[in-house]
Every structure is written in C-alpha cells, then in structure tokens.
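Trainee: Mind folding the following:
(2 chains)
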There are 2 protein chains.
Amino acid sequence: MSADKPRIGIIGGTGALGSGLARRFAAAGYPVVIGSRSSEKAAEVAAVIGHAAEGMSNAAAAAAADIVLVTVPFSSQAEILSEIKPHVSGKLVVDTTVPLMPPKVARVQLPPEGSAAMAALKLLGEGTRVVSAFHNVAAHKLHKHDTIHCDVLVFGDAAADREVVVGLASAVGLRGLHAGPLANSAAAEALTSILIGINRSYKVDGAGIRITGIETGCGS
Amino acid sequence: MSADKPRIGIIGGTGALGSGLARRFAAAGYPVVIGSRSSEKAAEVAAVIGHAAEGMSNAAAAAAADIVLVTVPFSSQAEILSEIKPHVSGKLVVDTTVPLMPPKVARVQLPPEGSAAMAALKLLGEGTRVVSAFHNVAAHKLHKHDTIHCDVLVFGDAAADREVVVGLASAVGLRGLHAGPLANSAAAEALTSILIGINRSYKVDGAGIRITGIETGCGS
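Mentor: Got it, this is the predicted structure:
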C-alpha cells in the first residue's frame, strides 16, 4: 500500500491472466484498479482480491492508472485499445496480448504487423510508450502462492520502460529479462502457442520457459 | 560406429554449428559425412573430428546420407537447398536455419514465408520430409564436453519424423521436445535473436532456453 508505488490499471482484469496479475500486484503493495467491460464485474473481482483494489470500466481504469496493463484476448485487442487510447497518453502501456486464433491455438499464427505488440503500437500511435511482456506465464499459477518457474521476456523500444516492467515482473515473483525492441515480441508471442502444444503433448498444465546461461539472482 | 545407426550428412558442416553437431554425432557412434562448398575443407574438418567421419561436397554429402542436416547461414539457404534438392528425395531433412539478417542479428526479422523452415519446405517442395530443430543451442558449447542446459524445440508436420529428431537431440546430449507443426518453427527462430540480444545485455556467451513444467528424464 506504499504511496510511492505506481497505480496499476489492469484492462481486462477479470480474466484469468489479468486477475492473477492483479492479485499478485495487490499483495505486493501496489494500488490496483481493475478494468472490465462491466464495472460491476470489475468491482466483484476487486472485492475478492482485497488490498483496497478497485473495480471500474476499462476506460476509467486506464484513466485512473499510472501504468496500464492490457490483458485481453487477441480478438478484443483492437476494440479495447481504441477505447482506452484517449486515457493512456504519456503512460506506460504493458501489452500482454498473444495472437491466439482459435481453434488452432497451438499453431503459431502471427498477425500481419508481425506481432500483437506491434499491432498495439500501431493502434495506439507511434510514440506511445508500449512494452510487451507476461506472454508465457500460465495464468492459473499466478493465483497460487507457489514459486513460478517461468521467465518474463520484456520487449520495448525504450530501455527505461523495459526496466520498469522487469521490476514489475520481479514484484510478482517472476524473473523479467530485457529481450530487445518491441518487434522482438513475436518470439514470446509465438512461444505461447508452443507451450500450449507442449502442455497437450506432454500432458502437463503449465509449461513455461527459462533462459539458461545467465544469473540474475533468481535461478539459472 | 554401429552399422544400424543412420548416416548423418551435415550440409555446411565446416561451420560452427555444423562441425559442433558433427563432432557430437560422430562421438555418439553415428556415421557422419561432412558437406561443404569445398570438399577439401570438408575433408580437413572430418579428419579433425575423427571417428571415420568423411568430408565431401554438399551435394555428395546429401547423396551419401540417410538423414540430412542443413546448417548454413540464412543468406545461403536458398542456394544450398537447390543444390542438394536432387539428393534428398524421401530423406529426412533437418533444417537448422535461423533468419538472422546482419547487422541487426538481435532483432527478430522473420522472412515472408513466416520462418526459414517454411522457406525450406517451399524450396524443397511440398511433401518433402522437412523438420526444423537446433535453433537455440550455442554452437561453441557443442564443441566442449560439458552438459548443455538448452532444450531443442523440434518442429515438423509428421510426428514420426519429429520423433527421430528428438532422438538425435538426445544422442548429442540435449533434450529434444515435440513443438508442433513446421509453421511453429517461427518461435524458435525468433528466439535465437532474443538469445543473441540477451548474451549482449547480460554479458554472457551462451544463453539458452529450457522448457519448465515438464519432466522427460533430462531435468526440469
């Protein structure tokens, strides 16, 4: 609840990934606002999360937040980004969108822009502070208290903005890594389809990734 | 040297990745033929590797092999695949090409076909038995005797062909994983640029990847 922590708005915050991140940010002492198409549903999820989390519409959450996390399905990305666009000027926007195209979600199908992150930048406008991250973490694991063995690859054209998100990953118990410009987001987005396929092939429920060969204080 | 092991032809086998794989396959008892533009250079590398490895031209190596590994730079992929195409009919072709485009090798730049693997399939013709793998392993590590902490994501449209390559990965001390259809190769190819960038950012020389959350007998 420290007053010096930025307020985090989670757009699509009633979904599995959004609510999992909200839960962990709230527990880590960040002020959290949950956005949803339905402000009633957002308020319900906020009440369950506790820690003074608040629920409101997506637009209101974007307006109230210092940092805006977008956790919506690919099929809703364009519409919801348009909705929050007037409220994110100058703010760091962390897009988590993975271009899964049902029913073949285990097949890599990158959009014409190259990645969902580049699509987000195009939609929000050049010069927007877009970073992408949190593509590969299994949402259900965020809802548990266990340690998660998954790295967060962080993409963005500004190193300082990436650094903020590396810190956010750390705050929720994950290891964030600088992974280059926003265009590189294609790698992590594509990898999510691989992990879904591996979950099926190897009959597990939360395959993740770890970068080996570096030591940054949280594992190998 | 067991007679029941397939003969592995390594196209571009004098390069860092090719010679590293050749060294490990030869040490594991596979008959190895090294192909190169220069058959003299191929013979020299074969002599260094020992274990009765042979050196010859790329076309001759493809013709002599049961399984053909392609380890050439992206800029040479089309030309060399055309050269070996007459000799790989019905054979398993394992393409390791990563679409790195110097000087920005740490930037993901996937080709119009979606991946180098799909480009290979297009060049060799639909119906060719193309599998892609070994994109993420640091070549210099193959030349040492140490354990390598890196998984090999194996892509291909035929599960039986992928399974052969999962076995080849295991033979050289790596963990191979079924990672879906050939189109999914984009993920591992893109990841190589990420790893190159991480090597620079974190000042290490051999970042790799590990899939977490599964147990297949070689680590978590």
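Trainee: Just the helices from chain A, written as ranges.
Mentor: Ranges of helices in chain A, per DSSP state H, are A:16-27, A:39-49, A:58-64, A:74-84, A:116-124, A:139-142, A:159-171, A:185-201.
Trainee: Quick one: closest of the ones you listed to chain B.
Mentor: For the helices of chain A, the distance to chain B is smallest for helix A:185-201, at 3.6 Å, taking C-beta to the nearest C-beta. Placement of C-beta: from N, CA and C, glycine included.
Trainee: who's in contact with the residue lying closest to A:S19 once chain neighbours are set aside?
Mentor: Excluding its sequence neighbours, the residue lying closest to A:S19 (C-beta to C-beta, 6 or more residues apart in numbering or on different chains) is A:V45, at 5.5 Å. Residues near A:V45 by C-beta atoms under 8 Å, 6 or more residues apart in numbering or on different chains: A:13-14, A:19, A:22, A:34, A:36, A:55.
Trainee: just for chain A, where's the confidence low?
Mentor: Residue ranges of chain A with pLDDT under 70: A:1-3, A:216-220.
Trainee: Any idea which residue is closest to the centre of it?
Mentor: Among the residues of chain A, the one closest to the centroid is A:T96, at 3.6 Å (C-alpha atoms, centre = their mean).
Trainee: circling back: taking the helices of chain A together, which one is wrapped up most tightly?
Mentor: helix A:185-201 (a mean of 25; mean count of other C-beta atoms under 10 Å in any protein chain shown).
Trainee: Going by contacts, tell me the helices and strands next to that one.
Mentor: Helix A:185-201 is packed against helix A:116-124, strand A:129-132, strand A:151-156, strand A:208-212, strand B:175-178, helix B:185-201, with contacts defined by 3 or more C-beta pairs under 8 Å, 6 or more residues apart in numbering or on different chains; DSSP states H and E.
Trainee: do you know which of those lies nearest B:G125?
Mentor: Closest of the helices and strands packed on helix A:185-201 to B:G125 is helix B:185-201, at 17.3 Å (criterion: C-beta to C-beta).
Trainee: got the angle between the closest one and strand B:208-212?
Mentor: Going by axes from the mean of the first three to the mean of the last three C-alpha atoms, to 10 degrees, helix B:185-201 is angled at 120 degrees with respect to strand B:208-212.
Trainee: now A:F155, nearest residue through space, not along the chain?
Mentor: Leaving aside its sequence neighbours, A:F155 sits nearest to A:S185 (C-beta to C-beta, 6+ apart; 4.2 Å).
Trainee: what do you get for A:G173?
Mentor: A:I148 (6.0 Å).
Trainee: tally of neighbours for that neighbour?
Mentor: 20 (other C-beta atoms under 10 Å in any protein chain shown).
Trainee: And A:G50, by the same measure?
Mentor: 11.
Trainee: Quick check: it vs A:I198, distance?
Mentor: Between A:G50 and A:I198 the computed distance is 34 Å (C-beta to C-beta, to the nearest Å).
Trainee: thinking A:A158 is in contact with A:R129, fair?
Mentor: Yes. Applying C-beta atoms under 8 Å, one finds A:A158 in contact with A:R129, separated by 6.7 Å.
Trainee: between the two, who's got more neighbours?
Mentor: Between A:A158 and A:R129, counted using other C-beta under 10 Å, A:R129 has the larger neighbour count: 21 against 14.
Trainee: Kindly state the beta-bridge partners for the more buried one.
Mentor: Beta-bridge partners for A:R129, by DSSP bridges, are A:L92.
Trainee: residues contacting it?
Mentor: By C-beta under 8 Å, 6+ apart, A:R129 lies in contact with A:90-93, A:156, A:158, A:161.
Trainee: Farthest pair within these?
Mentor: Among the contacts of A:R129, A:G90 and A:G156 lie farthest apart (C-beta to C-beta), at 15.1 Å.
Trainee: between the two, which one's more packed in?
Mentor: A:G156 (29 against 7).
Trainee: right, and the more buried one touches A:V165 too?
Mentor: Yes. Contact between A:G156 and A:V165 holds when scored by C-beta under 8 Å: they sit 7.2 Å apart.
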